[in-house]
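>>> give the three-dimensional model of this entry:
(one chain, ligands or ions: 1)
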Amino acid sequence: MNVAILGFGVVGSGVAEVIKNNCKSIEENNNVSLKVTRILDIRDFPDSEYKDILTKNFEDIVSDDSIDIVVETMGGVSPAFNFVSECLKKGKHVVSSNKELVATKGYELLTLARENNVNFLFEASVGGGIPIIRPISRCLAGNNISEVAGILNGTSNFILTKMIVDGMSFEAALKLAQDKGYAEKDPTADVEGLDAMRKICILASLCFGSQVYPDGVYSEGISKITLEDVAFAASYDSVIKLIARAKKLPCGKALVMVSPCLVKNSSMLSGVNGVFNACLVRGDMVGDVLMYGQGAGSLATASAVVGDVIDCAANAENRKFFGWGDKKDDYLADYLDCETALYVRAAADSAEKVKAQLLNIFGSVQYLTRENQGENEIAFVTPSGKEGDLRASLEKADINVLSVIRVSDY
Ligand code: HSE
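Numbers count the residues shown, from 1 in each chain. Now for the predicted structure:
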């Protein structure tokens, strides 16, 4: 079957390479023959082995009836949304790695795919090369899923790991992640939690059955985490991880959010290091399942894209029933109403006076220590409570709060 690729960047070029390298085994194992016949990109690639099939004109792809499957690896919503919509309307299957597109336009595109009797698949949009979407939608389909939590951004996990393991500064670790091709074009999306937020929106939509749009989902990144926080976390037998979570609450609403968390070293998520991602799914029949692997990178992500391409090719006449429903109003819970414990690092003129105040305010808190701790530096973990109440209580103490990080219960 003929395949076109929209966007010849890190992932798109990886898709061409995977198909070229593995076309023989793909054919032997799956009985489908794949050939990349067109690649769209606005840039010139005069030295590329694909220069003869490169085009800057989308019409060359959408109007070419010999192309059965279109891979979208452009990123961003515009023009990807229009391009994908046009391809689906033309009866072409579409495979996308574009989390922003799926998080913001997933329901619309899934509906369009159904109306046109074609597939719209996006395994690579969450967790790079790790199979997550298909296992949740197929293998775990017999469960009610109550919660999904994960480390879903390779760049921020790589940076945090470098800070924790090598004591590297945030800036130096970010530069290294960019050099290795893990980061988005604008790394703000990685380090401020937006990339992980888009991915957890996709998982929340898939697990709970209605589209969760990024608007209104709380996300906080890792750019304010310091080596002091890392050291205090270590004294609490924990590491700091960027956790994306979606949880069905007893009231029927869903808590969907991204933030750094202290994760105990005994947790399955604590040992997920470097560019690796992990996704923990809690099903009512299966219990906890952890999916783990490379969450970013050219060939790892392309591996997931090509898996979807093969699925489209093998089921070309047989559309898969897959997707979720429209958005529900008033569905997202306010994180300030949800239970958590908080790690706090602060400056205090008189540690003794503040300790007496904190005892009054919280009942008891657990104090943390680090090497070379400043004389006026204090760090502690509060008891669990409603986050909004805990934050209001903190304002009653004579401290200058420097960091607040949630303590995870995974
Ligand atoms: N920039 C993303 C990450 C790439 O670091 O995880 C994969 O989505």
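>>> for whichever strand or helix holds residue 259, name the packing helices and strands.
Here residue 259 sits within strand 254-264, counting by DSSP states H and E. Counting contacts by 3 or more C-beta pairs under 8 Å, 6 or more residues apart in numbering; DSSP states H and E, strand 254-264 is packed against helix 194-208, strand 218-219, strand 238-248, strand 400-407. C-beta here means a position set from N, CA and C on the backbone, and glycine is covered the same way.
>>> which of these is buried the deepest?
Ranked by mean neighbour count under mean count of other C-beta atoms under 10 Å, the helices and strands packed on strand 254-264 are led by helix 194-208, which reaches a mean of 27.
>>> off-centre distance for it?
Computed by C-alpha atoms, centre = their mean, to the nearest Å, the chain-centroid distance of helix 194-208 equals 7 Å.
>>> quick one: name the residues of this structure near the ligand.
Contact residues (C-beta under 6 Å from any ligand atom) of the chain with the ligand: 128, 153-155, 182-184, 190, 195, 295-296.
>>> output the helices and strands packed on strand 254-264 as a markdown table; include the columns distance to residue 73 and mean pLDDT.
Listed next are the helices and strands packed on strand 254-264 as a markdown table, based on distance: least, C-beta to C-beta, whole Å; pLDDT from 0 to 100:
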| stretch | distance to residue 73 | mean pLDDT |
| --- | --- | --- |
| helix 194-208 | 15 | 97 |
| strand 218-219 | 24 | 97 |
| strand 238-248 | 22 | 98 |
| strand 400-407 | 34 | 98 |
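>>> please convert these to JSON lines, extending it with distance to residue 76.
Listed next are the helices and strands packed on strand 254-264 as JSON lines, based on distance: least, C-beta to C-beta, whole Å:
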{"stretch": "helix 194-208", "distance to residue 76": "11"}
{"stretch": "strand 218-219", "distance to residue 76": "18"}
{"stretch": "strand 238-248", "distance to residue 76": "20"}
{"stretch": "strand 400-407", "distance to residue 76": "30"}
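>>> closest to residue 96 out of the ones you listed?
Ranking those by their distance to residue 96 (criterion: C-beta to C-beta) puts helix 194-208 first, at 10.9 Å.
>>> CA atoms only: put that closest one into PDB for me.
C-alpha atoms of helix 194-208 as PDB (Å, rounded to 0.1, in the frame of the first residue of the first chain):
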ATOM      1  CA  LEU A 194       1.900  21.500  28.200                       C
ATOM      2  CA  ASP A 195       3.100  18.500  26.200                       C
ATOM      3  CA  ALA A 196       2.300  16.100  29.100                       C
ATOM      4  CA  MET A 197      -1.000  17.900  29.600                       C
ATOM      5  CA  ARG A 198      -2.000  17.200  25.900                       C
ATOM      6  CA  LYS A 199      -1.100  13.600  26.400                       C
ATOM      7  CA  ILE A 200      -3.100  13.100  29.600                       C
ATOM      8  CA  CYS A 201      -6.100  14.800  27.800                       C
ATOM      9  CA  ILE A 202      -5.900  12.100  25.200                       C
ATOM     10  CA  LEU A 203      -5.700   9.300  27.800                       C
ATOM     11  CA  ALA A 204      -8.500  10.800  29.900                       C
ATOM     12  CA  SER A 205     -10.700  11.000  26.800                       C
ATOM     13  CA  LEU A 206      -9.900   7.400  25.900                       C
ATOM     14  CA  CYS A 207     -10.300   6.000  29.400                       C
ATOM     15  CA  PHE A 208     -13.400   7.900  30.500                       C
END
